[in-house]
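Asks: Sequence and predicted structure are below.
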Amino acid sequence: MDGFYPEIRRNLEEKMNTYPHYKRRNYFINKEFQGRYIFNYFLLAAIGSLLFIAVFSFFSSNTLSIVYDNYHLQIGITPEILFKKILSTQWLFIVLGGGMVVGITLILTHRIAGPFYRFEKTLDEMMDGDISRKIILREKDEGKDLAQKINAFNDMLGEKLSIIENLNSKIAVSTLHLKKALDDSDLGSEKFAPLMNQILDSQKNIQVMINDYTFPREKL
């Protein structure tokens, strides 16, 4: 029984690896970018709340208010007598409103940070010579026009490279046929050998450069 255990375990691991792995949705794709926007919007909400207190205090500085709180009747200048109430209300607004601002900003920046991350990865792959990748964005992501242009550029470049590769192969075949034809003729190919070798060397160098790229090859 012990002898079969490693084999059974290996088979189970192989089956588990065949199932797709679903990752938890990660909202923090670019922490620096998203954190900066979240902090700025939260700071804007806090400043707006404090500005409201300042404006309210300015326009109510010449008014009196009557407050009945905990069986006590108080009369005084509006900003002073309502300061605690305003401060507690604004503090609650900053906490709850700030939390909502953080959540909404996180969702909105995720629609920008996600495409930026995908663009960066795709451009890195393009710099490494891989132009076969497609940028696929979600329905509500930003930057779809840019993604379509990058995909169109990669498709165009891949088609051009495929055409060049096929033409380069035809050059090599034509050169070999020309060499054979000269050998069969009275002219001979000895005097043309350096030129044909130069053509074949150039053809090989072009193929080496083409092989540095990864793209869908189309047979013409």
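Replies: Arrived safely, thanks for sending. Nothing here was measured: the structure is a model prediction, and the numbers come from that model.

Asks: Secondary structure class of the residue lying farthest from the centre of the chain, three-state.
Replies: Computed with Cα atoms, centre = their mean, the residue of the chain farthest from its C-alpha average is D186, at 64.1 Å. With DSSP: H, G, I helix; E, B strand; the rest coil as the basis, D186 sits in coil.

Asks: now it: how far from D201?
Replies: When Cβ to Cβ, to the nearest Å is the yardstick, D186 and D201 sit 27 Å from each other. All C-beta spots, glycine's among them, are computed from the backbone N, C-alpha and C.

Asks: Could you do L187 as well?
Replies: Taken as Cβ to Cβ, the spacing of L187 relative to D201 amounts to 22 Å.

Asks: ditto for G114
Replies: Counting by Cβ to Cβ, the separation of G114 from D201 is 47 Å.

Asks: Look at those two and report which has more neighbours.
Replies: Each of G114 and D201 had its neighbours counted (other Cβ atoms under 10 Å), and the higher figure belongs to G114 (20 against 10).

Asks: Hmm, E139 and the more buried one touching each other?
Replies: No: using Cβ atoms under 8 Å, G114 makes no contact with E139, being 12.0 Å away.

Asks: low-confidence ranges in the chain?
Replies: Along the chain, segments meeting pLDDT under 70 span 1-30, 60-61, 64-88, 90, 218-220.

Asks: can you pull out the helices in it?
Replies: 5-18, 31-59, 78-81, 83-127, 144-184, 193-211 (DSSP state H).

Asks: Present these as TSV; the columns should include distance to R217.
Replies: Formatted as TSV, the helices of the chain follow (distance: least, Cβ to Cβ, whole Å):
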stretch	distance to R217
helix 5-18	29
helix 31-59	37
helix 78-81	76
helix 83-127	17
helix 144-184	5
helix 193-211	10
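
Asks: among these, which is nearest K134?
Replies: helix 144-184 (5.6 Å; Cβ to Cβ).

Asks: other SSEs contacting that closest one?
Replies: Applying 3 or more Cβ pairs under 8 Å, 6 or more residues apart in numbering; DSSP states H and E, one finds that helix 144-184 contacts helix 83-127, helix 193-211.

Asks: tilt between it and helix 193-211?
Replies: Using axes from the mean of the first three to the mean of the last three Cα atoms, to 10 degrees, one finds that helix 144-184 and helix 193-211 are set 160 degrees apart in direction.

Asks: Now do T122: how many residues are near it, please.
Replies: As a burial measure, the neighbour count of T122 was computed by other Cβ under 10 Å and equals 19.

Asks: can you pull the contacts of it?
Replies: R133, I135, I150 (Cβ atoms under 8 Å, 6 or more residues apart in numbering).

Asks: Quickly name whichever of those residues is closest to L108.
Replies: Minimum separation from L108 among the contacts of T122 (Cβ to Cβ) is found for I135, which lies at 20.2 Å.

Asks: Quick check: the gap between the residue nearest to the closest one when sequence neighbours are not counted and R133.
Replies: Taking Cβ to Cβ, 6 or more residues apart in numbering as the measure, I135 lies nearest to A147, with 4.1 Å between them; neighbours along the chain are not counted. A147 sits 11 Å away from R133 when distances are taken as Cβ to Cβ.

Asks: ok, those two, which is more surrounded?
Replies: A147 (19 against 15).
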